[in-house]
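**Q** using only what follows, build the 3D model:
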Amino acid sequence: MAISYARDQPQGFTNRIEKVAIVGAGGQFGKYLTEALLKTGKHTVTAITRANSTNSLPEGVRIERVDYSGDDLDALVDALRGQQVLIVTMAVTAPRDTVSKLVRAAAKADVTYVMPNWFGHDAANRKLCDDSMLSPSGEAIHAEIENLGVSANIRLVCNFWYEFSLGGGPDRFGFDFTKRSFIMFDEGNVPFNVSTWAQCARAVANLFSLKQLPEDESDKSPTLSRFSSRPVYISSFRLSQMEMFETVKRVTRTSDDDWAITHESSEERWKDGFAAVMEGDFGQFTKMLYSRMYFPNGRGRL
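**A** Numbering: from 1, shown residues only. Predicted coordinates:
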């Protein structure tokens, strides 16, 4: 692909991102993301939200209330017109066609960049994503954005959110803090990268604070265009399950004797979870998803 330069753009071109729209601005991660973007002082942030949404939003956000439950995208297109970036951060329980509606509306509104609700696994690691049942939806949205030919698709590869996963129950990192129990997967010594909500939010805010294009051939500074339609990799830290356990014990002032510790095979957990989901038991999805990352050769290192 030929490299574009700011000097060659038509009159009126702005070589910076000023207008960002977010779907899910009031959600768990969305709040961090919105606040980080506002904190830069470089962006006007617009929350695209449903008319009946009761989520509180950070101060300083512009609000566009839109009903996009049906097939008519006109109101959504109008809300996105003039935006340079659309960021989608929604729960996995959201209707499956919602992201598709959003990226189609973004294309009609000539939005330059889209982050299509991918904050996690390495999108370039096909085997990991296949085994984690993430490939079908992720690849479908990526292909749709590419086929529309308007927006660049940017996915944030950060692996699991640390605070969300550590306190999210035994199907995630193996901890049940209420029962003070700990499931050790294999030997608990497989390290992989994790990221906090705050770190992910800062990464996105800094990414969209870059210049869009290099000024000319001599400009070697980082630009947003260099990440177009590519995964962006970030990490807060890399650690194993046992390292998490040592941290938990230190913070809670406990020892091994205070915990009910059991051992399970990560591969067997993954197989059981995968089979259950294939049979329609989607309550096992989390168990399947996390267990796969613990494989000794799971490639959870970024």
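
**Q** report the separation between the closest residue to residue 265 other than its chain neighbours and residue 263.
**A** Distances taken as Cβ to Cβ, 6 or more residues apart in numbering place residue 186 nearest to residue 265, at 6.4 Å, with adjacent residues excluded. Glycine gets a C-beta too; all of them are placed from N, C-alpha and C. Counting by Cβ to Cβ, to the nearest Å, the separation of residue 186 from residue 263 is 8 Å.

**Q** repeat for residue 89
**A** Distance check for residue 89 against residue 263: by Cβ to Cβ, it reads 35 Å.

**Q** with neighbour numbers in mind, choose between the two.
**A** Set residue 89 next to residue 263 and count neighbours by other Cβ atoms under 10 Å: residue 89 wins out with 25 against 11.

**Q** touching, the more buried one and residue 29? I think so.
**A** Yes: the criterion here is Cβ atoms under 8 Å, and residue 89 meets it with residue 29 at 5.3 Å.

**Q** which neighbours do these two share?
**A** Where contact means Cβ atoms under 8 Å, 6 or more residues apart in numbering, the residues bridging residue 89 and residue 29 through contact with each are residue 119.

**Q** before we move on, the earlier item: show me the contacts for the residue nearest to residue 265.
**A** 263, 265, 266, 294, 296.

**Q** could you do residue 235 as well?
**A** Counting by Cβ under 8 Å, 6+ apart, residue 235 touches 158, 159, 193, 194, 195, 199, 302.

**Q** scan the residues you listed and report the most crowded one.
**A** The most neighbours of any of the contacts of residue 235, using other Cβ under 10 Å, belong to residue 158, which has 27 neighbours.

**Q** just the helices in the stretch 201-302 of the chain please.
**A** When assigned using DSSP state H, counting those that start in this stretch, the helices of the stretch 201-302 of the chain occupy the ranges 241-252, 266-278, 285-293.

**Q** about what we covered before: gap between the residue nearest to residue 265 and residue 271?
**A** The separation that residue 186 has from residue 271, given Cβ to Cβ, amounts to 14 Å.

**Q** what does residue 116 give?
**A** Computed as Cβ to Cβ, the residue 116 to residue 271 distance reads 30 Å.

**Q** tell me which of those two has more neighbours.
**A** Using other Cβ under 10 Å, the more surrounded residue of residue 116 and residue 271 is residue 116, with 24 against 14.

**Q** tell me what the more buried one is bridged to.
**A** Per DSSP bridges, residues listed as beta-bridge partners of residue 116: residue 88.

**Q** correct me if wrong: it contacts residue 145.
**A** Yes: applying Cβ under 8 Å as the test, residue 116 and residue 145 come out as touching, 6.6 Å apart.

**Q** could you dump the contacts of residue 186 to JSON lines with pLDDT and distance to residue 233?
**A** Shown next, in JSON lines, are those (pLDDT from 0 to 100; distance: Cβ to Cβ, whole Å):
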{"residue": "263", "pLDDT": "97", "distance to residue 233": "32"}
{"residue": "265", "pLDDT": "96", "distance to residue 233": "29"}
{"residue": "266", "pLDDT": "95", "distance to residue 233": "23"}
{"residue": "294", "pLDDT": "92", "distance to residue 233": "20"}
{"residue": "296", "pLDDT": "85", "distance to residue 233": "22"}
